[in-house]
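# predicted coordinates and the sequence they were generated for:
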Amino acid sequence: PAVSQRIKRVETRLAVPLIERQGRGIRLTTAGNILAEHGRTVVAEIDAALAAIDDLRGERGGVLRLVGFPSASATIVPAMMRRLAEEAPEVSLQYREAEPPGAVALLRDGEVDCALVFDYAGAAELPAGSVFTPLWRETVSLVLSEERAAGQDSAHLGDFAEEHWIAGCEKCRGHLLAAASENGFEPDIIQETDNVPAMLAMAAAGGAVALVPGLALAAARTLPEDAAALPLDPPRYRTIGLVSMDTANESPQVRLCKRLLSHVDGTAWHLEPVA
């Protein structure tokens with residue numbers, strides 16, 4: 001009876017009969033056959049959707065969409081990938097590279113699940129409704145030629161007010177301007193590149209100096225032979241963290257990403273965990 005009532009309701013809505021009597025039984029009408037054929041496809045699609053949702057709920061499958069900055073691409077992200085292969089091999093990591101302003105724009109537009117970014121002294125501009133989870137802190141060094149660094153084991157920025165400077169990405173350039181201002185000078189920026197190996201080679205060649213974060217130095221692996229990296233006195237820091245949308249129920253992808261990052265050993269690149 002329950003099935004009959006449901007069929008009657010559908011027939012009333014469609015204004016066509018779906019079944020007809022045939023002897024002691026019933027058979028589908030032409031309209032009934034059309035609906036049944038499409039119904040099989042609909043049921044299969046719903047089953048596939050439910051299975052995909054089950055995978056996400058258990059973090060067993062699906063896709064994790066992440067964006068990160070260049071030096072993280074060569075260090076943190078590969079470490080995440082190795083952990084992902086062990087912990088959730090059915091999850092596919094889709095990775096894109098962008099500096100923080102572009103990364104948070106991708107998150108805001110819903111093109112990624114989370115963004116791995118860096119932040120200088122709380123200067124990050126986050127999309128509305130998002131949250132920044134700090135993970136590590138790193139020091140910033142002054143990179144210059146060995147000849148210019150001779151006899152020094154640290155660098156006071158004020159002592160380099162008359163030097164030419166190399167600027168990096170938009171946020172790194174902003175940090176350089178802020179650091180110089182705090183030390184009473186405006187840097188004479190004559191070269192600009194966000195290619196860290198190129199920046200190191202330029203500094204080694206002499207004629208200009210650069211502020212370079214520790215992770216960028218680690219990603220480059222080695223300094224040019226005629227370059228030196230001096231710690232700043234007083235030290236300056238950069239924070240690395242994850243930006244995700246602030247929702248009542250955190251998505252499985254974001255949960256998984258945070259868990260993977262929590263297992264990455266940042267000390268390999270001289271990163272200090274943020275409690």
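Ah, there it is.
# and whichever strand or helix holds Val143, what does it pack against?
Using DSSP states H and E, Val143 sits within strand 130-145. Counting contacts by 3 or more CB pairs under 8 Å, 6 or more residues apart in numbering; DSSP states H and E, strand 130-145 packs against helix 100-108, strand 114-119, helix 196-204, strand 210-213, helix 214-220, strand 227-231, strand 237-245, strand 272-273. For every residue, glycine as well, the C-beta is placed using N, CA and C.
# pLDDT weak spots in the stretch 51-200 of the chain?
Within the stretch 51-200 of the chain, the stretches with pLDDT under 70 are 51-61, 122-124.
# quick one: contacts for Phe69?
Counting by CB atoms under 8 Å, 6 or more residues apart in numbering, Phe69 touches 97-100, 103, 116-118.
# can you say which of those residues are buried?
Neighbour counting by 16 or more other CB atoms under 10 Å classes 98-100, 103, 116-118 among the contacts of Phe69 as buried.
# out of the residues you listed, who's nearest Ala201?
Glu99 (20.5 Å; CB to CB).
# ok, the closest residue to the closest one other than its chain neighbours to Thr193 distance?
Leaving aside its sequence neighbours, Glu99 sits nearest to Cys169 (CB to CB, 6 or more residues apart in numbering; 4.6 Å). Using CB to CB, to the nearest Å, we find Cys169 at a distance of 9 Å from Thr193.
# those two: who's more crowded?
Cys169 (20 against 15; other CB atoms under 10 Å).
# any idea of the angle the helix or strand harbouring Ala79 forms with strand 130-145?
Using DSSP H and E, Ala79 maps to helix 76-87. Orientation of helix 76-87 against strand 130-145 (axes from the mean of the first three to the mean of the last three CA atoms, to 10 degrees) gives an angle of 130 degrees.
# go ahead and name everything in contact with helix 76-87.
Contacts for helix 76-87 (CB under 8 Å, 6+ apart): 64, 66, 68, 91, 93, 95, 116, 215, 240, 257, 259-261, 263-266, 268-269.
# if any of those residues are buried, give me the PyMOL selection for them.
Remark: buried members of these, expressed as a PyMOL selection using 16+ other CB under 10 Å:
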select buried, resi 64+66+68+91+93+95+116+215+240+257+260+261+264+266+269
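# show me the contacts of helix 76-87 that map onto helices.
With DSSP state H as the criterion, helices contain 215, 257, 259-261 from among the contacts of helix 76-87.
# just flag the most distant two among these.
Most distant of these, by CB to CB, are Leu215 and Arg259, 21.0 Å apart.
# please convert the helices and strands packed on strand 130-145 to a markdown table, extending it with distance to Leu14.
Shown next, in a markdown table, are the helices and strands packed on strand 130-145 (distance: least, CB to CB, whole Å):
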| stretch | distance to Leu14 |
| --- | --- |
| helix 100-108 | 43 |
| strand 114-119 | 45 |
| helix 196-204 | 65 |
| strand 210-213 | 65 |
| helix 214-220 | 63 |
| strand 227-231 | 75 |
| strand 237-245 | 41 |
| strand 272-273 | 62 |
